[in-house]
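> I would like to see how this sequence folds:
(one chain, ligands or ions: 2)
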Amino acid sequence: MTLTIYNTLTRRQEDFATVEPGKVKMYYCGVTVYDYCHLGHARACIVWDVVRRYLQFIGYEVRYIQNFTDIDDKILKRSREEHSSMEAVAERYINAYFEDMGRLGIKEADEYPRATHTMNGIQRLIHELENKGFAYPADGDVYYAVRRFNEYGKLSGRKLEDMQAGASDRVQVADPEYQKKKDPFDFALWKAAKPGEPAWESPWGPGRPGWHIECSAMVRDRLGETIDIHAGGADLIFPHHENEIAQSEAVTGKPLATYWLHNGMVKVDGEKMSKSLGNFTTIRDLLNRGVEPMAVRLFVLMAQYRKPIDFTADAIAAATNGWHTLKEGLLFGYEYGGVGSGENLTSEIHIQRFQEAVNDDFNFPGGLAVLFELAKELRRQANIIVHEGKTETSPEELQKQWQTLVMLAEVFGLVAQPEAEISSTEGLSDGEIDHLIQQRQAARKAKDFAESDRIRDQLQAEGITLIDSRDGTRWHR
Ligand SMILES: Nc1ncnc2c1ncn2[C@@H]1O[C@H](COP(=O)(O)OP(=O)(O)OP(=O)(O)O)[C@@H](O)[C@H]1O
Ligand SMILES: [Zn+2]
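Ligands and ions are numbered 1, 2, ... in the order given. Sure thing, here's the model as predicted:
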C-alpha cells in the first residue's frame, strides 16, 4: 500500500517518497499573530495535525515545524490601536493560539520559530541573494528581482506576462514601494524602518524583514535545504509560496520542498473566512457557545482537505451528530468494561481499509467511514446488551472492534473522555485558570515563591499542567 498525495507543484497525485528514508521534514506556514484564531486557522491546523499524525501512524519519523509571524503591518496597526507594543500583541495572541489549539487537541509542533527570533538567518539569506544578483537595495529597502529567477511562477502556474496585463498601474504608482522597485513584481525582502516602528540593525540600515523571507530562513535554519512537505492554506500559493521558492531555490539551487500541499478554505457565504474581511468566527467563540472541540475536528475532517468548506450552523450540527455517534463507540469499552481478555487486539481488516482510504491523497472522509462503521456496530451491540442483558458477539470480538476504533480515531485526534475523567479536569473554567496563572505571575514577580508554588500545585491537582518559557506561561489539561 503506497501513500499518494496531490502535489500543487506538479499538479498531479504522486507516490510519496522522502529525501531520507523513514523520515519526513514538514513545515507549515502558521498564523500572523494579531487576533484570535478563527475556524479557517482551525481547519489548517487540524488538517496538518492529522497529516502529521497519519505519517507517524504509518511509520515515519516526522519533524514538524510551524512558524509564528510576529512582525507585520497588521500587528503594528493593532499595537498602535491598543497603545501597546508589537511584542505584547504577538505574545497575547500566541498564548491564545496555544489555548485554542490545545482545546482542539492539536499536537504541538517540534518547534515554533518566530520572525523576531530568526533575524540572523533572514539577514544571511538576503545577503546571499544580493551576492548572487537576485536582490538589490533601494533606499534602505531590499527587493527581490523576480525576473532574475527563471522558474518564477512554477508553483502557481502564473506567468509574469499574463499578470502584467491584468495589473493596475494606477494603484501601484500610489504605493511608495513602487517608486523604489525596478519592476512592479519585485517584492520586499527588507523594509527600512519608518519613524516609531520597531527596527533591527542590518547592513542595509535599520528595518524589518518582509513576510516571505522569514519562512525561507526558518526552513533552512530548522530543517535544511530541501524538505519533504511544505504545507499551508491555498490562499498562500501566490504570492507567498511562490516567493519562498524564488528566495530559497535561487540561493541553494535545490528544490525547497518535494511536495507542496494546500488546504482548502473555510468560507462564509462563498467568501474566505478572514481576519481582514471581518467575517470570522473565532474558535473560542464557537467552543464557548458549547460546540464540542471534537465536533470542530469532524467538521474539518468530513471534507476532502483540498476542497473549500462552508461554515454554516447546519454543517456544525451535522458534525456534532457525527461526533456523538463516534463518541458512543469510543466510550463502549468504558461503559461495558471487562470485555475480552485484556489483550491488545486489533482488527486488521479495518486498519487496512482505513489505510487504503487515507493513502489516497489523505482521504479523511474515507477513513472516517471506517470509524463510523465500527462505532455504529458497537452502538448496536450496546443496545442489545442494554435490552437483552447480553450479546451473541464474543467479548474478544467486541474488544477488538473497540480497540481498533480507539486507535484509528486517535490518528484523527478524535478522543472521548469517560465521564469520570472529565469531572476531575473540568472543575475550573479557562477564565479561572488564566486568572490563577496571572496571580501566580504576580507572586513570582513579588518573589513570593511559596504562593506561586501553591498556585501551581492547585492547578496541578485540577489536572492543569503549566509550561513556563521565556515567552510566558502556557497551560494544557
Ligand atoms: N479561511 C481559511 N480557511 C482555511 N485556511 C485558512 C483560512 N484563513 C487562513 N488560513 C490559513 O491559516 C494559516 C495562517 O493564516 P494567516 O495568519 O496568515 O491568516 P491571514 O490569511 O493573514 O488572515 P486573514 O486571511 O484571516 O486576514 C495559513 O496557512 C492560511 O492559509
Ligand atoms: Zn511561509
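> Need the single longest helix in the protein, by residues.
helix 364-388 (DSSP state H).
> Just checking the distance from it to the centre of its chain.
30 Å (Cα atoms, centre = their mean, to the nearest Å).
> Stretch 11-18 too?
Worked out by Cα atoms, centre = their mean, stretch 11-18 lies 22 Å from the chain centre.
> Contacts for it next, please.
2-7, 24-25, 60, 157, 228, 258-259, 361 (Cβ atoms under 8 Å, 6 or more residues apart in numbering). To be clear about C-beta, it is placed using only N, CA and C from the backbone, and glycine gets the same treatment.
> Restricted to buried residues, select those residues in ChimeraX.
Filtering the contacts of stretch 11-18 down to the buried ones (16 or more other Cβ atoms under 10 Å) takes a single ChimeraX command:
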select :3,5,6,7,24,25,60,228,258,259,361
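> how about JSON lines for the contacts of stretch 11-18, with pLDDT and distance to Val296 added?
As requested, the contacts of stretch 11-18 are exported to JSON lines (pLDDT from 0 to 100; distance: Cβ to Cβ, whole Å):
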{"residue": "Thr2", "pLDDT": "95", "distance to Val296": "31"}
{"residue": "Leu3", "pLDDT": "98", "distance to Val296": "26"}
{"residue": "Thr4", "pLDDT": "98", "distance to Val296": "28"}
{"residue": "Ile5", "pLDDT": "98", "distance to Val296": "24"}
{"residue": "Tyr6", "pLDDT": "98", "distance to Val296": "24"}
{"residue": "Asn7", "pLDDT": "98", "distance to Val296": "28"}
{"residue": "Val24", "pLDDT": "98", "distance to Val296": "26"}
{"residue": "Lys25", "pLDDT": "98", "distance to Val296": "28"}
{"residue": "Tyr60", "pLDDT": "98", "distance to Val296": "26"}
{"residue": "Gly157", "pLDDT": "96", "distance to Val296": "33"}
{"residue": "Asp228", "pLDDT": "98", "distance to Val296": "28"}
{"residue": "Thr258", "pLDDT": "98", "distance to Val296": "31"}
{"residue": "Tyr259", "pLDDT": "98", "distance to Val296": "26"}
{"residue": "Asp361", "pLDDT": "98", "distance to Val296": "23"}
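> export the contacts of stretch 11-18 to a markdown table and tack on distance to Thr281?
Conversion of the contacts of stretch 11-18 to a markdown table gives the following (distance: Cβ to Cβ, whole Å):
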| residue | distance to Thr281 |
| --- | --- |
| Thr2 | 38 |
| Leu3 | 33 |
| Thr4 | 34 |
| Ile5 | 30 |
| Tyr6 | 28 |
| Asn7 | 32 |
| Val24 | 32 |
| Lys25 | 33 |
| Tyr60 | 34 |
| Gly157 | 32 |
| Asp228 | 33 |
| Thr258 | 35 |
| Tyr259 | 31 |
| Asp361 | 28 |
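> Restricted to strands, list the contacts of stretch 11-18.
4-7, 24-25, 228, 258-259 (DSSP state E).
> Buried residues, the longest helix of the chain. List them.
In helix 364-388, counting by 16+ other Cβ under 10 Å, buried: 364, 366-368, 370-371, 373-375, 377-379, 381-382, 385.
> Can you give me the distance of the residue lying farthest from the centre of the chain to ligand 2?
Most distant residue from the mean C-alpha position of the chain: Glu388, 46.5 Å away (Cα atoms, centre = their mean). In this view, Glu388 and ligand 2 are 58 Å apart by Cβ to the ion, to the nearest Å.
> again, but for Leu39
In terms of Cβ to the ion, Leu39 sits 21 Å off from ligand 2.
> got it, and Asn243?
Asn243 is 9 Å from ligand 2, by Cβ to the ion.
> Tell me the pLDDT of that residue.
pLDDT, Asn243: 98.
> That one contacts Phe149, correct?
No: look at Asn243 against Phe149 with Cβ atoms under 8 Å: they stay out of range, at 9.6 Å.
> Pick out whichever of the two has more residues nearby.
Asn243 (24 against 19; other Cβ atoms under 10 Å).
> so what's Glu82 closest to, chain neighbours aside?
Val89 (6.7 Å; Cβ to Cβ, 6 or more residues apart in numbering).
> Glu177 now?
Nearest non-adjacent residue to Glu177 (Cβ to Cβ, 6+ apart): Ala188, at 6.4 Å.
> which residues does that neighbour contact?
Here Ala188 is in contact with 141-144, 177, 210 (criterion: Cβ under 8 Å, 6+ apart).
> ok, and the most crowded of those residues?
These, ranked by neighbours (other Cβ under 10 Å): first place Val142, 29 neighbours.
> Could you grab the helix/strand/coil label for that residue?
Assigned with DSSP: H, G, I helix; E, B strand; the rest coil, Val142 falls in the strand class.
> beta partners for it?
Pro137, Trp190 (DSSP bridges).
> who's in contact with it?
Contacts of Val142 (Cβ under 8 Å, 6+ apart): 126, 130, 135-136, 188-190, 204.
> got TSV for these, with pLDDT too?
Shown next, in TSV, are those (pLDDT from 0 to 100):
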residue	pLDDT
Ile126	98
Glu130	98
Ala135	98
Tyr136	98
Ala188	97
Leu189	98
Trp190	98
Trp204	97
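> near ligand 2, which residues of the protein?
29, 215 (Cβ under 5 Å from the ion).
> Show me where the chain dips below the pLDDT cut-off.
165-174, 337-342, 420-426, 470 (pLDDT under 70).
> residue closest to the middle of it?
Note: the chain centre (Cα atoms, centre = their mean) maps to Cys45, 2.7 Å.
> Next, that residue: phi, psi?
Dihedral angles of Cys45 (phi, psi; degrees, to the nearest 10) stand at phi -70, psi -40.
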